[in-house]
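Pasting the sequence and the predicted coordinates here, then a few questions.
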Amino acid sequence: EARYIWLILSILFGFFAYLSRARRWTLLIFPLGHKPSFRNTFYAVMTGYLANMALPRIGEITKCVALGKKENIPIDRLLGTVVIERTIDFLSLMIIMIIMLFIEGDVLGPFLRDNVWLPLQSRLSEVFGFAWIFWILIVVTGLVSMYLVWRLRKALRKIRFFAKVFDTLWGITHGLKTILAIRHKWEFVFHTVFIWVNYILMTWVVVFAIESTSHLTLADGIFLLVIGGIAMTAPVQSGLGVFHFIISRGLLVIYGINLTDGLVYAILAHESQLIFGALLGIYSFYAIMKKKERQ
């Protein structure tokens with residue numbers, strides 16, 4: 001009974017976000033002294049999304065490897081630019097969440113506390129228990145080891161393994177510095193805003209696909225984006241299960257929409273983007289891996 005025309009519109013907004021992501025990444029790569037084609041950058045981005053469906057977060061490395069080999073760019077430096085991307089995305093989500101807390105704090109705050117923070121705190125308590133001294137020792141040992149490695153770095157460089165590690169870390173650090181040398185700063189800001197506007201719209205328009213959620217407003221769509229974004233940070237392939245759980249609970253607790261309809265919305269919103277991303281990712285993987293002249 002769903003009105004699938006709204007899913008097509010949602011997919012279109014998602015596609016705009018993919019294109020914008022590819023362009024924003026090229027802006028971070030330019031200061032490295034390389035100018036990858038937009039087409040290959042887009043293919044690498046989508047290949048990364050495809051890899052995330054197999055193993056959480058492996059897509060960040062995969063897209064760097066794919067573009068690095070295609071455009072002959074040092075992979076370690078690309079990793080530095082991806083760290084910047086992810087940091088900016090995290091901060092963007094936090095800004096949106098803070099704004100929502102000011103606007104609808106009486107709704108969002110209790111929901112996050114009861115359905116995210118408290119269960120997470122309980123789970124961490126179950127995992128770590130009261131062996132806090134053990135974890136303090138691990139942290140102290142790690143810090144001491146890092147200090148010794150830094151002090152002995154010249155001697156360790158004579159060992160091939162450590163030399164490779166140091167070179168990789170230097171490359172990542174060099175990639176991180178690109179945010180300071182970026183030339184098109186306002187275009188970078190525009191694409192960051194544009195990406196999240198499309199995320200909001202692709203989340204919101206799906207509510208019109210089924211009758212039980214069609215009354216939800218744009219502000220409600222932003223609420224769903226925030227809790228869905230938190231779910232997508234879980235170490236699970238493409239947020240499978242976690243996204244559906246938190247979205248259906250959010251619709252139930254905040255809007256009184258039954259779990260079945262909440263799961264219907266979650267499946268429509270998540271799987272439409274997942275299937276589209278998978279198809280686009282498969283094509284992109286083939287396009288960027290096949291041997292032909294640089295685009």
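Looks like it arrived, so ask away. Note that this is a predicted model, so its numbers are computed, not measured.

packing partners for whichever helix in the chain runs longest?
Counting residues, the longest helix found in the chain (DSSP state H) is helix 75-112. Counting contacts by 3 or more CB pairs under 8 Å, 6 or more residues apart in numbering; DSSP states H and E, helix 75-112 is packed against helix 5-29, helix 58-71, helix 160-176, helix 178-181, helix 185-204, helix 218-232, helix 242-255. Backbone N, C-alpha and C define where each C-beta goes, glycine included.

For the residue of the chain most remote from its centre, pull up the helix or strand it's in.
Of all residues in the chain, A155 has its C-alpha farthest from the mean position, at 38.3 Å, by CA atoms, centre = their mean. Using DSSP states H and E, A155 maps to helix 153-156.

Next one, pLDDT for the residue nearest the centre of the chain please.
Closest to where the C-alpha atoms of the chain average out (CA atoms, centre = their mean) is R86, at 6.2 Å. R86 carries a pLDDT value of 87.

which residues sit in contact with the closest residue to it other than its chain neighbours?
Closest residue in space to R86, ignoring its immediate chain neighbours: E60 at 7.1 Å, by CB to CB, 6 or more residues apart in numbering. Residues near E60 by CB atoms under 8 Å, 6 or more residues apart in numbering: 48, 79, 82, 86.

likewise A209?
2-4, 6-7, 265, 268.

what's the closest of the residues you listed to V193?
Among the contacts of A209, W6 lies closest to V193 (CB to CB), at 23.5 Å.

Would you confirm that the closest one contacts E211?
No - applying CB atoms under 8 Å, one finds W6 not in contact with E211, separated by 12.0 Å.

neighbour-wise, which of those two wins?
When neighbours are counted by other CB atoms under 10 Å, W6 and E211 differ, and W6 comes out ahead with 20 against 11.

So that one versus A269, what's the distance?
As defined by CB to CB, to the nearest Å, W6 lies at a distance of 10 Å from A269.

shared neighbours, the two?
Residues touching both W6 and A269 (CB under 8 Å, 6+ apart) are V206.

Which members of the contacts of E60 are classed as buried?
Buried by 16 or more other CB atoms under 10 Å: 48, 79, 82, out of these.

Output stretch 35-46 as PDB, nothing but the C-alphas.
The C-alpha trace of stretch 35-46 is given here as PDB (Å, rounded to 0.1, in the frame of the first residue of the first chain):
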ATOM      1  CA  LYS A  35      43.600  16.600  -9.300                       C
ATOM      2  CA  PRO A  36      41.600  13.400  -9.600                       C
ATOM      3  CA  SER A  37      38.700  13.400 -12.000                       C
ATOM      4  CA  PHE A  38      35.200  13.900 -10.600                       C
ATOM      5  CA  ARG A  39      34.100  10.700 -12.200                       C
ATOM      6  CA  ASN A  40      36.700   8.500 -10.600                       C
ATOM      7  CA  THR A  41      36.300  10.200  -7.200                       C
ATOM      8  CA  PHE A  42      32.500   9.500  -7.400                       C
ATOM      9  CA  TYR A  43      33.200   5.900  -8.400                       C
ATOM     10  CA  ALA A  44      35.600   5.600  -5.400                       C
ATOM     11  CA  VAL A  45      33.000   7.100  -3.000                       C
ATOM     12  CA  MET A  46      30.300   4.600  -4.100                       C
END
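
Would you mark the buried spots in it?
Buried residues in stretch 35-46 (16+ other CB under 10 Å): 36, 40-46.

try stretch 209-228
For stretch 209-228, burial by neighbour count (16+ other CB under 10 Å) applies to 209-210, 212-213, 216, 220-228.

Run through the stretch 51-200 of the chain and note the low-pLDDT ranges.
Applying pLDDT under 70 to the stretch 51-200 of the chain picks out residues 104-109, 115-135, 149-150, 153, 156-181.

hmm, back to that, may I see the buried ones among the contacts of E60 arranged in TSV, with distance to L279 as well?
Listed next are these as TSV, based on distance: CB to CB, whole Å:
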residue	distance to L279
G48	15
L79	27
V82	23
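
which one of the buried residues of stretch 209-228 sits closest to G256?
Distances from G256 to the buried residues of stretch 209-228, taken by CB to CB, are shortest for S212, at 9.8 Å.

and the gap between that closest one and I257?
From S212 to I257 the distance is 5 Å (CB to CB).
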